[in-house]
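Peer 1: Requesting a structural model of the entry that follows:
(2 chains)
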Amino acid sequence: MSTDLVYDVLRRHEPDHILLQAARADAATGLLDLVRLGACWRASKGESCIRALDRVSPLAVPIMLDVGREPIHGEGREAILAEAEEEMIRDATRR
Amino acid sequence: MTAAHALPEPQPAKIIRLHGSAFVADPSGALYWPDEHLLVVADLHLEKGSSYAKRRVFLPPYDTSATLAALGAVVARLQPKRVVTLGDSFHDGGGPGRLLPHDAQALRAMQIGRDWLWIAGNHDPAPHALDGDHATHLGVGHICFRHEPSVSPCDGEIAGHLHPVARVGNRSGAVRRRCFLADGLRMIMPAFGAYAGGLNVLDDAFSALFGRGERHAHLLGRDAVYSVAHRQCLPEAAPWRYG
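Peer 2: From the prediction side, this is the model:
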């Protein structure tokens, strides 16, 4: 039994199920503490200064390294499948 | 996203040839044989949710309705004269008796006006009282339909049981999908059931059947089936096993 199948079925039939509530609560505190982030954001209100830099600032390096690693959904997934098929056809006709 | 996506082009039907016959692989996971007006689905695993509930493992109980709705949709679209379910149609022998009235009704509705054959699987080896015929396997022309793939089929063979899934991708991401796995002689069908897990096509269970011969995975996309060579298939990303 895989959890993503249970997740999909629950989301379709019982979107307010207690397991989904727990999953959302976990997601909000597990990888990223949204409550603390929000408090930090509010505390810095009026004191932040947005400036376009001509190079990557040191604290931005980890974020820049993550660009392109985001998961893709929907059309993007179909595009991966279509590209894989094109590659297969290219290889098969080259021989 | 600034611009609306263009509508995808209508995809041509995916034809898979097996022992001289042409089959249409449907994105739903069903297989259609136009010459015989025959529709095949494998591993429905109906009542898997309620089977786990009996053992006090509680899963959301909507799997049977979801699977039957998907099957009803493909039957309505293709209007086959015969339907063959390739075994493990129910997750256990008590499954047919646990069908809820609306699920039993949905099943009967799609059986009307067509032949229906339940092939025995390891989860449901004994015949049950629902409408339809029962058999351990079915031969049509040069093709044998059965639940578990045989070690060395001499004719064409279409089986289920193993629930193949394939992972393909590149640097921008990978996609894991249920798939048909086939060479020119043998085909393993994807599981149709909502709760049926999957086994990566790189697993030893598949290499034991196909040897080193050329085979293709035909992955179920949203509106189309995509074919890739076996060597393009990737191992599982996560350390856990599905299924």
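Peer 1: ok, A:D91 touching B:A229?
Peer 2: Yes: between A:D91 and B:A229 there is a contact under C-beta atoms under 8 Å: 6.7 Å. Where C-beta positions appear, they are placed from N, C-alpha and C, glycine not excepted.
Peer 1: quick one, which of these two is more surrounded?
Peer 2: Taking neighbours as other C-beta atoms under 10 Å in any protein chain shown, A:D91 and B:A229 compare with B:A229 leading, 18 against 13.
Peer 1: pretty sure that one is touching A:I89, no?
Peer 2: No: using C-beta under 8 Å, B:A229 makes no contact with A:I89, being 9.7 Å away.
Peer 1: near chain A, which residues of chain B show up?
Peer 2: Residues of chain B lying close to chain A (C-beta under 8 Å from any C-beta of the partner chain) are B:5, B:8, B:52, B:59-60, B:62-63, B:66, B:168-175, B:177, B:194-195, B:197-198, B:216, B:219, B:221-224, B:226-229, B:232, B:242-243.
Peer 1: which residues sit against the longest helix along chain A?
Peer 2: Across chain A, the helix with the greatest residue count (assigned by DSSP state H) is helix A:75-94. Helix A:75-94 is contacted by residues A:72, B:5, B:8, B:168-170, B:172-175, B:177, B:216, B:219, B:221-224, B:226-229, B:232 when judged by C-beta atoms under 8 Å, 6 or more residues apart in numbering or on different chains.
Peer 1: out of the residues you listed, which are buried?
Peer 2: Neighbour counting with 16 or more other C-beta atoms under 10 Å in any protein chain shown marks B:168-169, B:173-175, B:177, B:216, B:219, B:221, B:224, B:226-229, B:232 as buried within the contacts of helix A:75-94.
Peer 1: Now intersect those residues with the helices, please.
Peer 2: Per DSSP H, the buried ones among the contacts of helix A:75-94 never map to helices.
Peer 1: Okay, A:D66 and A:L34: tell me how far apart.
Peer 2: Distance, A:D66 to A:L34, by C-beta to C-beta, to the nearest Å: 18 Å.
Peer 1: Revised request: answer the last question for B:Y226.
Peer 2: For B:Y226, the distance to A:L34 equals 37 Å [C-beta to C-beta].
Peer 1: again with B:A70
Peer 2: To A:L34, B:A70 is 36 Å away according to C-beta to C-beta.
Peer 1: Neighbour count for those two, which is higher?
Peer 2: A direct count of neighbours by other C-beta under 10 Å for B:A70 and A:L34 places B:A70 higher, at 18 against 11.
Peer 1: Just to be sure, the more buried one is in a strand?
Peer 2: No: counting by DSSP: H, G, I helix; E, B strand; the rest coil, B:A70 is not found in a strand; it is helix.
Peer 1: Surely it is in contact with B:S28?
Peer 2: Yes: contact criterion C-beta under 8 Å: B:A70 and B:S28 qualify, at 5.9 Å.
Peer 1: Next up, phi/psi of B:L185, please.
Peer 2: Main-chain dihedrals, B:L185, degrees, to the nearest 10: phi -120, psi -30.
Peer 1: burial of B:H128, as a residue count?
Peer 2: Around B:H128 sit 16 other residues, with neighbours defined as other C-beta under 10 Å.
Peer 1: so who does it touch?
Peer 2: B:F90, B:G93, B:P96, B:G97, B:W118, B:H134.
Peer 1: one more time with 6 Å
Peer 2: When contacts are counted by C-beta atoms under 6 Å, 6 or more residues apart in numbering or on different chains, B:H128 touches B:P96.
Peer 1: What's opposite B:A25 in the beta bridge?
Peer 2: B:K14, B:L31 (DSSP bridges).
Peer 1: check contacts around it.
Peer 2: B:K14, B:I16, B:L31, B:F180, B:H218, B:V225.
Peer 1: Cool, thanks, signing off.
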